[in-house]
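Novice: The amino acid sequence is not available; the structure is as follows:
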């Protein structure tokens with residue numbers, strides 16, 4: 001039985017695995033102040049990592065996080081790198097800068113994302129914005145950082161932050177861009193991107209097994225107080241309730257909200273717990289592995305997503 005649960009907090013996980021953090025390099029996307037990414041970085045600082053690299057669009061929103069890290073532990077090298085996941089050029093530039101500045105990446109946590117953008121919007125590369133920012137940008141970033149992850153192996157880890165929202169939709173392989181917005185539904189687009197996070201983790205686990213690099217996806221829980229819900233209004237909530245019922249997804253009122261410290265715990269367990277090495281590719285919720293619906297781990301879907309992602313980024317990655 002796991003020593004962790006739904007009420008476990010990030011600091012408790014960090015305290016349990018201090019030795020796995022000491023001297024390590026962590027890369028975190030989406031670490032603006034008061035986000036899960038920021039809170040995770042701040043928690044890690046207490047256990048003396050060597051580097052914490054914080055990747056985001058706005059340095060002004062991440063500077064306070066770096067200041068908190070420095071206040072907790074001045075020995076930690078905390079740095080900001082510009083990253084716009086909705087621009088493949090930005091992803092490539094960010095990866096190039098990181099690869100040139102450090103020797104290895106022990107843990108990559110792909111937190112950044114957007115949720116339920118109400119009106120159809122595309123990235124700079126013409127990809128529906130949720131699919132672009134939540135999956136495609138992370139697909140490219142992760143693969144471009146792979147040499148540094150390999151340098152940290154055996155034992156490097158990749159954590160893709162998904163959601164129980166994956167239950168809202170499969171990946172629409174034949175219409176991932178919603179007929180260029182003609183049939184766009186915000187929650188289906190969100191669900192598609194979250195299913196992609198899980199499939200990507202399964203694909204990475206299979207491809208990287210011989211390199212002893214482990215990959216996991218996680219559901220952080222229902223968390224209020226972050227900026228993720230910026231696009232959501234009463235009409236959006238009503239639509240979510242309808243689709244959730246149709247898809248057999250737990251209703252919001254049936255889910256117990258988590259605090260930010262509790263919301264960070266599953267990602268930290270996935271990143272640090274050695275007992276999970278034999279479960280690479282697993283989906284974690286409430287700090288333990290959970291089963292997913294078949295479409296989120298189906299081998300054919302894993303391969304179809306990998307091929308689609310390569311096509312959209314215009315680059316192949318073979319392991």
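Specialist: Perfect, thanks for sending it. On a predicted model such as this, the values are computed, not experimentally measured, just so you know.
Novice: Per-residue pLDDT of the nearest residue to residue 30 once chain neighbours are set aside, please?
Specialist: Spatial nearest neighbour of residue 30, excluding adjacent residues (Cβ to Cβ, 6 or more residues apart in numbering): residue 112 at 2.9 Å. To be clear about C-beta, it is placed using only N, CA and C from the backbone, and glycine gets the same treatment. Predicted confidence (pLDDT) at residue 112: the value is 95.
Novice: Test my guess that residue 112 contacts residue 85.
Specialist: Yes - with contact defined as Cβ atoms under 8 Å, residue 112 counts as touching residue 85 (5.7 Å).
Novice: who has more neighbours, these two?
Specialist: Shown here are residue 112 and residue 85; by other Cβ atoms under 10 Å, residue 85 has more neighbours (29 against 26).
Novice: Low-confidence stretches in this structure?
Specialist: 1-2, 225-231, 252-253 (pLDDT under 70).
Novice: switch the cut-off to 90
Specialist: Counting by pLDDT under 90, the chain shows low-confidence ranges at 1-3, 34, 116, 222-241, 244, 248-257, 319.
Novice: What does the residue nearest to residue 30 show for phi and psi?
Specialist: phi -60, psi 150 (degrees, to the nearest 10).
Novice: Which neighbouring residues are in contact with it, exactly?
Specialist: Neighbour list for residue 112: 29, 30, 37, 55, 56, 83, 85, 133, 134, 137, 138 [criterion: Cβ atoms under 8 Å, 6 or more residues apart in numbering].
Novice: Go through those and say which is closest to residue 192.
Specialist: residue 134 (8.9 Å; Cβ to Cβ).
Novice: Assumed the closest one was part of a strand.
Specialist: No - Residue 134: not assigned to a strand; according to DSSP: H, G, I helix; E, B strand; the rest coil it is helix.
Novice: dump the residue contacts of the residue nearest to it when sequence neighbours are not counted.
Specialist: Spatially, and ignoring its direct neighbours in sequence, residue 134 is nearest to residue 193 (3.7 Å; Cβ to Cβ, 6+ apart). Applying Cβ under 8 Å, 6+ apart, we find residue 193 in contact with 113, 130, 131, 133, 134, 135.
Novice: 6 Å instead?
Specialist: Residues near residue 193 by Cβ atoms under 6 Å, 6 or more residues apart in numbering: 130, 131, 134, 135.
Novice: mind checking which helix or strand it is in?
Specialist: For residue 193, the host element (DSSP states H and E) is helix 186-207.
Novice: Who are the packing partners of the helix or strand just after that helix?
Specialist: As assigned by DSSP H and E, the chain's next helix or strand after helix 186-207 is strand 214-219. Helices and strands touching strand 214-219, by 3 or more Cβ pairs under 6 Å, 6 or more residues apart in numbering; DSSP states H and E, are strand 157-161, helix 186-207, helix 265-272, strand 283-285.
Novice: who does strand 214-219 pair up with?
Specialist: Next to strand 214-219 in the sheet, as set by DSSP bridges, lie strand 157-161 (parallel), strand 283-285 (parallel).
Novice: just those strands: most buried one?
Specialist: Of the strands paired with strand 214-219, the one with the most neighbours on average (mean count of other Cβ atoms under 10 Å) is strand 157-161, at a mean of 27.
Novice: Which residue ranges of the stretch 201-319 of the chain form helices?
Specialist: 234-247, 260-263, 265-272, 299-313 (DSSP state H, counting those that start in this stretch).
Novice: so which of those helices gets nearest residue 91?
Specialist: helix 299-313 (8.3 Å).
Novice: Just give me how far that closest one sits from the chain centre.
Specialist: With Cα atoms, centre = their mean, to the nearest Å as the basis, helix 299-313 stands 18 Å off its chain's centre.
Novice: about what we covered before: turn the contacts of residue 112 into a markdown table, columns for distance to residue 184 and secondary structure.
Specialist: Putting the contacts of residue 112 into a markdown table (distance: Cβ to Cβ, whole Å; DSSP: H, G, I helix; E, B strand; the rest coil) gives the following:
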| residue | distance to residue 184 | secondary structure |
| --- | --- | --- |
| 29 | 25 | strand |
| 30 | 23 | coil |
| 37 | 27 | helix |
| 55 | 28 | strand |
| 56 | 26 | strand |
| 83 | 26 | coil |
| 85 | 20 | coil |
| 133 | 15 | helix |
| 134 | 15 | helix |
| 137 | 19 | helix |
| 138 | 22 | helix |
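Novice: which one of those residues is nearest residue 240?
Specialist: Checking the contacts of residue 112 one by one against residue 240 (Cβ to Cβ), the nearest turns out to be residue 134, at 16.7 Å.
Novice: residue ranges of the helices in the stretch 1-150 of the chain, please?
Specialist: 10-16, 18-21, 36-45, 59-72, 88-101, 129-131, 137-144, 146-151.
Novice: Find the one among these with the highest mean neighbour count.
Specialist: Per stretch, and counting mean count of other Cβ under 10 Å, the top mean among the helices of the stretch 1-150 of the chain goes to helix 36-45, which has a mean of 27.
Novice: Just the angle for that one relative to helix 59-72, thanks.
Specialist: Interaxial angle, helix 36-45 versus helix 59-72 (axes from the mean of the first three to the mean of the last three Cα atoms, to 10 degrees): 20 degrees.
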